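Asker: how does the following fold in three dimensions:
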Amino acid sequence: MTDLSSQNWLPAALPEPPKLDEPPVDADPSETAEWLEALESLIATQGPERARYLLDRLAQHARAQQVGWRPQLVTPYRNTIPVAAQPRFPGNLDLEQRIAAIVRWNALAMVVRANKAYGELGGHISSYASAADLFEVGFNHFFRARNEQFGGDLVFFQPHSAPGVYARAYLEGRLPASALEHYRQEVGAAKKGLQGLSSYPHPWLMPDFWQFPTGSMGIGPISAIYQARFMRYLEHRGLIAASDRKVWGFFGDGEMDEPESIGALALASRERLDNLVFVINCNLQRLDGPVRGNGRIIDELEGVFTGAGWNVVKVVWGSDWDALFEGDRGQALMRAFAETVDGEFQTLSSKDGRYNRERFFGQSPELAALVEAMTDAQIDRLHRGGHDIVKVHAAFRAAMSHRGQPTVILAKTMKGYGMGSAGQGRMTTHQQKKLDPDAVLAYRDRFALPLSDEQALALEFHRPDEDSDEMRYLRRQREKLGGYLPARRSDCEPVPVPPIGRYAGFALAAEGKEMSTTMAFVRMLGQLLKDPALGPRIVPIVADEARTFGMANLFRQVGIYSPQGQRYEPEDAGSMLYYREDVCGQILEEGITEAGALSSWTAAATAYSTHGLAMLPFYIYYSIFGFQRVGDLIWAAADQRPRGFLIGATSGRTTLAGEGLQHQDGSSHLQAMTVPDCKAWDPAFAGELAVIVDAGMREMLVEQRDVFHYITVGNENYAQPSLPGAAGGDDAAAIEVDPAVREGILRGMHRFRAADVAASGPPYQGRRGAKPAAPRVQLLGAGAILREAIAAADLLAEAGVAADVWSVTSFSELARDGMSAERARRQALAGGTGGASSGGSWVHRCLAGTEGPVVAATDYVRLVPESIRAWLPQGRRYVTLGTDGFGRSDARARLREFFEVDAKSIAWAAVVALCDDGVLSREQAAEAASRWKVAGEAPDPWTV
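Answerer: Numbering: from 1, shown residues only. You can find the predicted model right below:
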């Protein structure tokens, strides 16, 4: 065994880490100068186009000659836009700086006041301090609001900078001072009849203000990309007018470590989304410390985005540096930057001008000479580019005019900018919630705010007089841009839904035809796509699984969306189901990316708000790869009040059969229960599915309620019964569902089959003194396991037990209904009216008039049926069966037997429950066990 107590096992010498940006040695400077002069002459005489052509040819020739050269993805550490190319700044710089200072103050005052009142509230000062100028340039010059003439830009705001957005809205008169006083105090504000402010952007909590939730790091970037893509999708399909609307995304440099932040960058460049602009606030610091202490995050991100095909604009240094660059003939600055890592830059930012003169400019005589005529105070005022309004404006203008690529702006800032010793550039600045009196007064003085010491120490909010220069300028700039934002709207025209029989008559009156519920769904979808009013609004979404789900026929029917069209002849061109891509295609075929597909679904499901156009997305996927894989994205979508369908196909732990552990879903319904605006369904039969889809469409498109629906469908073919109560004769379009059956399906359970009064087997003796009668049980089955419950009822009938069979379409709806009923009862005792649920829970109403123990079985973990236990009639025994444990590969029958959700196991559970109730004897139970060959010894399925 290796002795780790000594260091003999270490290699003799560890390799030296590569030096950062080590330049190659120039073996012949004069020859190099000749080449550079020739290039400059070429540009001057024939222009940059010719220069680019020759450089491309040289690169091709170098590769052909095996030179080993490759283009550099990282450019020198300075601004992308040279001073000579900067556009004229169109605003009043002095007024904009004064407005920005007021917003900074109000943001700081809001957070500090909240934490003086309640120390546990939290909040962030330093993030907005670093991003303020980036936001202000956008608000004053670029962010266009939605109005009658223009659809408006979409802006994803960096979540920790939310206080600054609130502070500006207060200045604009859109939020009252009382709202700022109740920052992060939403419940307390509501009790007073006031508005509180959410911690981060949350449309659910502030539905007229925020459009996009960005508080979960990484969700914002991928969401912004797919919002920009969906905007183009709508334009190409002619559903909205083509325009120059932009999607702006403001994110932090630390946030870019999240895989979702960079995972879809290639899609944006591949589809040439020049309507997309990322602004990365590179303050070099995350919560614990530097983002890249031993490197440079701006260089890293430039390489990532350039390699992904984006247009990169760097804003590294402010205007104060222009003269230094101009005087730096020997490139001493660039050499110093190349040797300075972000950890050192952060240290420099937290120190004063004297320290920076000694530590940075004192590295060489050339650097020292550059600042020889500057005072320490002037050195201290050297800005990073992200704090220079003129430089930021130039970058934003370049992004607005760039065509053919998405743009990322990498803006270097200081975390806690302006906070001085209280937080500027310090490791702990992210946690700064409170400031001492000296720090407050220093902040006021730093930004020259017209506040007395008393006003400043009281943290009074400041809003200039309405006729002040600042207020007139602020309003004028927003009027030019069409109004105010962020602002969320939900007004859109309702979309008519066709009669259920027109697209689902085959399902309502199936008459025993064999099909899976997945097949039934795809058939309904195909018919809905043909509807002249609704069809164009449907957005089918798949993640490379359309053929698996039998959707290939839709390729030809509506086409696959591709902004490039189809530039090749597909291999299956002669097939009826050929792979057809089209600029106007309707299907979003996302490839193998559930995160991308869910982001597309969210963009479509919120189009009623972002575009004023109701769309209806159906995202169909392997159910295990939904809530379990992209649950955070689903939660963020729920925050945005989406309207659409998530279709969890190949669902259930036993129904998918041979795929095994990683693919078999036994938990999605448990997770779906936790999402407040998600209605989750597990229909067993095509007719139930049709009723649920019909109700969901009417709820979302006609009634325009902020809900979305998760429906699980299976790949198991079996005979589909006609829906009880379905009527309409030969005219499928006229088929109507019995109202009582429809209500039961949509409330969560309905009686599928009542037992005969007398079971076919010999009657068992009931309790002492009771008349001989067939014992009775209630069997609840959901999804694919309902058929096992039906078969179990048949087994029980042969044994002399009568079993009513109930189809549970939604345990989560039953549980929520039960919670509402229980709460209504409590409120009624306190003098309330009892509300809509005062009649008791649906579970209780269904089972109150029945007899016997209740056995519930699903293809999901037991906690799903356990969710309704509290609302069964008092004294009723309740037994739950589910598929707890890891999935595995085998045939369905064996899997159901293993997890004990097959007909035999359900029947046996019913017999044991009757035995426990004293209705059957142990001998009678043993007889049933023998008849059904119940295994007496077997490990718990969830342990193996």
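Asker: measure A848 to W871 for me?
Answerer: Distance, A848 to W871, by Cβ to Cβ, to the nearest Å: 10 Å. C-beta: built from backbone N, CA, C; applies to glycine.
Asker: again, but for P365
Answerer: From P365 to W871 the distance is 83 Å (Cβ to Cβ).
Asker: of these two, who's got more company?
Answerer: W871 (21 against 9; other Cβ atoms under 10 Å).
Asker: past the helix or strand where L95 lies, which element shows up next along the chain?
Answerer: Using DSSP states H and E, the element containing L95 is helix 93-117. Next helix or strand after helix 93-117 toward the C-terminus (DSSP H and E): helix 126-137.
Asker: just want the angle from that following helix to helix 93-117.
Answerer: Counting by axes from the mean of the first three to the mean of the last three Cα atoms, to 10 degrees, helix 126-137 points 150 degrees away from the direction of helix 93-117.
Asker: any chance you could map the helices in the stretch 501-650 of the chain?
Answerer: If DSSP state H, counting those that start in this stretch is used as the criterion, the helices of the stretch 501-650 of the chain fall at 517-529, 553-558, 594-605, 607-610, 627-639.
Asker: can you give me how far the second one is from the chain middle?
Answerer: Put plainly, it is helix 553-558. Centre-to-centre, helix 553-558 and its host chain are 29 Å apart (Cα atoms, centre = their mean, to the nearest Å).
Asker: return the residues in contact with Y710.
Answerer: For Y710, the contacting residues are G626, F627, F645, L646, G648, S668, A672, C678, K679, A680, W681, by Cβ atoms under 8 Å, 6 or more residues apart in numbering.
Asker: who wins on neighbours among those?
Answerer: W681 (31 neighbours).
Asker: tell me the pLDDT at the residue nearest the centre of the chain?
Answerer: By Cα atoms, centre = their mean, the chain has its centre lying nearest to L633, at 3.0 Å. As predicted, L633 sits at a pLDDT of 96.
Asker: also the one 4 residues further on?
Answerer: Confidence per residue is given as pLDDT, and for A637 that number is 97.
Asker: tell me how many other residues crowd the nearest residue to it once chain neighbours are set aside.
Answerer: Spatially, and ignoring its direct neighbours in sequence, A637 is nearest to T602 (4.2 Å; Cβ to Cβ, 6 or more residues apart in numbering). T602 is flanked by 29 other residues according to other Cβ under 10 Å.
Asker: just D632 next, same as before
Answerer: D632: 16 neighbours (other Cβ under 10 Å).
Asker: the closest residue to it other than its chain neighbours: how many residues sit nearby?
Answerer: Once flanking residues are discounted, D632 sits nearest to S216: 5.5 Å by Cβ to Cβ, 6+ apart. Look at S216: counted by other Cβ under 10 Å, it has 17 neighbours.
Asker: if we can go back for a sec, ranking the helices of the stretch 501-650 of the chain by burial, who's on top?
Answerer: helix 594-605 (a mean of 27; mean count of other Cβ atoms under 10 Å).
Asker: quick check: angle from that one to helix 627-639?
Answerer: Going by the same axes, to 10 degrees, helix 594-605 makes 30 degrees with helix 627-639.
Asker: against L267, how distant is R229?
Answerer: From R229 to L267 the distance is 7 Å (Cβ to Cβ).
Asker: these two - which one has more neighbours?
Answerer: For R229 versus L267, neighbours defined as other Cβ under 10 Å are more numerous around R229 (26 against 21).
Asker: doesn't the more buried one fall inside a helix?
Answerer: Yes: counting by DSSP: H, G, I helix; E, B strand; the rest coil, one finds R229 located in a helix.
Asker: tell me the domain ranges of the chain?
Answerer: 93-318+383-480, 516-717, 748-943 (automatic domain parsing).
Asker: show the end-to-end separation of the longest one, please.
Answerer: According to Cα to Cα, to the nearest Å, domain 93-318+383-480 extends 17 Å from its N-terminal end residue to its C-terminal end residue.
Asker: for the residue nearest to D632, what are its contacts?
Answerer: Taking Cβ under 8 Å, 6+ apart as the criterion, S216 is in contact with D632, W635, A636.
Asker: of the residues you listed, which is the nearest to Y166?
Answerer: Of all those, Y166 sits closest to A636, with 20.4 Å by Cβ to Cβ.
Asker: my guess is M697 meets A614, correct?
Answerer: No: M697 lies out of contact with A614 (Cβ atoms under 8 Å); the separation is 10.6 Å.
Asker: these two - which one has more neighbours?
Answerer: M697 (24 against 20).
Asker: what's the closest non-adjacent residue to that one?
Answerer: M697's closest residue in space is V497 (Cβ to Cβ, 6+ apart), at 4.6 Å.
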